[in-house]
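# quick one: sequence plus predicted model below, questions after.
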Amino acid sequence: MKDFTERSSTPVSSPLSPTPVNDSALRLFELITTSWVSAAVGAAAELGIADAMSETPTPVDQIAKRVGADTDALDRLLRACADLDLVAETSTGVFTLTELGAALRTDSPHSMRGYARWLNSPAERSTMGHLAEAVRTGGPVFEAVHGVPVWTYMGEHPESAALFDQGMTDISAQLTRTLSREYDFGDSRLLIDIGGGKGRLISLLLETHPHLRGVLYDRPEVVDDVDPALTTGALAERCRVEGGDFLTSVPTGGDTYLLASVIHNWNDEDSTRILTHCRHAMAPQGRVLLAEILMPEEPAAARTAKFMDLSMLVHCDGRQRTRAEFTALLDRSGLRLNRIVPCSGVSVVEAVAA
């Protein structure tokens, strides 16, 4: 039987109906079932399958033993993952890890395992399931689903918070990894990474630019478990770690304040508060850098920005902003848009004192 999702120039007819399968229905089937694809990737990440595999062909029963899974069920998952190019089935029931699947390894420099686990966690999936209600009301539904706002929930559920932080560390690291070379930090001396998570980005920036000193600033429970590179060795001498709440204050004296994938989490009122703190704290002639995925001003393909924007709507009343929206936000914060520097993963919105 022909796979329902396979495309063909010849219409596929059902023996029960003279009507051929419509191309639009085929395309919609593909779109509707993308949640199944995401669930499979998330399950592979949660089980640690990539960590248990290599490029050496391995029987499924051995992989199942390593990850603590049912052999038959794992075989069904792996053969689906083979169609996603995460693994290759070299012979029946024997699998190898592909280059794409290797990005689900915990130790990969390109690891997206944490992000895959977070997006397929019960807290995340149950929230996105209420997107229609968020569109009806125009605001986040996280509190209606879970009983408390998203940031309160994270404080009350440390396991979910840890999963969220790892996921955000993964996605931020991949989107911003080229930032260290594509944006000129030559004039910076003290860089303060606001909402910098576990410090992966600031570690990269300090390694790339030996003249820089840094401050990593995030919630106390986040910075208690920072990148070891910041607490031992040469980087520890050039960077300090501070815990606090950027809605209340930020460290003073920096000439460069970096907020990477931070402002999109907040509505205009809270974003203005955060940026105003940076404006008051920064040194004379300082600058504020917002590393964000910009929403295009005019109709254009921007899948990542548009779907991330829906996630912000559902979870936290944040949004992906256009150049004009950033300009207005900065104006309200005592800052002025100086320029926007497009990088490979994100754009750097550079602001200076108004």
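Cool, got the structure.

# which residue ranges of the chain form strands?
58-59, 87-91, 94-97, 190-194, 213-218, 239-243, 256-260, 287-292, 335-342, 347-353 (DSSP state E).

# so can I have JSON lines of these showing mean neighbour count and mean pLDDT?
C-beta: built from backbone N, CA, C; applies to glycine. Putting the strands of the chain into JSON lines (neighbours: other C-beta atoms under 10 Å; pLDDT from 0 to 100) gives the following:
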{"stretch": "strand 58-59", "mean neighbour count": "17", "mean pLDDT": "98"}
{"stretch": "strand 87-91", "mean neighbour count": "16", "mean pLDDT": "97"}
{"stretch": "strand 94-97", "mean neighbour count": "20", "mean pLDDT": "98"}
{"stretch": "strand 190-194", "mean neighbour count": "25", "mean pLDDT": "98"}
{"stretch": "strand 213-218", "mean neighbour count": "24", "mean pLDDT": "96"}
{"stretch": "strand 239-243", "mean neighbour count": "17", "mean pLDDT": "94"}
{"stretch": "strand 256-260", "mean neighbour count": "26", "mean pLDDT": "97"}
{"stretch": "strand 287-292", "mean neighbour count": "25", "mean pLDDT": "98"}
{"stretch": "strand 335-342", "mean neighbour count": "16", "mean pLDDT": "97"}
{"stretch": "strand 347-353", "mean neighbour count": "20", "mean pLDDT": "97"}
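
# of all those, which lies closest to Ala44?
Distance to Ala44, taken as C-beta to C-beta, is lowest for strand 87-91 among these, at 8.3 Å.

# where does pLDDT dip in this structure?
Along the chain, segments meeting pLDDT under 70 span 1-18.

# can you list the domains in it?
Residue ranges for the domains of the chain, per automatic domain parsing: 33-104, 175-353.

# returning to what we had before: dump the strands of the chain to CSV, plus distance to Arg125.
Formatted as CSV, the strands of the chain follow (distance: least, C-beta to C-beta, whole Å):
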stretch, distance to Arg125
strand 58-59, 30
strand 87-91, 23
strand 94-97, 26
strand 190-194, 29
strand 213-218, 25
strand 239-243, 30
strand 256-260, 25
strand 287-292, 25
strand 335-342, 32
strand 347-353, 29
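
# closest one to Glu143 among those strands?
Among the strands of the chain, strand 213-218 comes nearest to Glu143, with 22.7 Å by C-beta to C-beta.

# which residues does that closest one contact?
189-197, 199, 202, 205-206, 223, 226, 230, 238-244, 246, 250-251, 254 (C-beta atoms under 8 Å, 6 or more residues apart in numbering).

# touching, Asp268 and Leu329? I think so.
Yes. Between Asp268 and Leu329 there is a contact under C-beta atoms under 8 Å: 6.2 Å.

# which one's more surrounded, those two?
Between Asp268 and Leu329, counting by other C-beta atoms under 10 Å, Leu329 is the more crowded of the two (21 against 16).

# for that one, give its distance to Arg273.
Leu329 sits 11 Å away from Arg273, going by C-beta to C-beta, to the nearest Å.

# please apply the same query to Ala260.
With distances taken as C-beta to C-beta, Ala260 is found 18 Å from Arg273.

# now swap in Ala354 and tell me
16 Å.

# one more: Leu100?
For Leu100, the distance to Arg273 - C-beta to C-beta - is 41 Å.

# also Asp85?
44 Å.

# so Asp51 sits against Arg105, correct?
Yes. Using C-beta under 8 Å, Asp51 is in contact with Arg105, at 5.6 Å.

# give me the more crowded residue out of the two.
Arg105 (21 against 17).

# for that one, give me its contacts.
Ala50, Asp51, Ser111, Arg113.

# from these, which is closest to His146?
Arg113 (24.1 Å).

# which residue is the nearest non-sequential neighbour of Met128?
Closest residue in space to Met128, ignoring its immediate chain neighbours: Val314 at 5.8 Å, by C-beta to C-beta, 6 or more residues apart in numbering.
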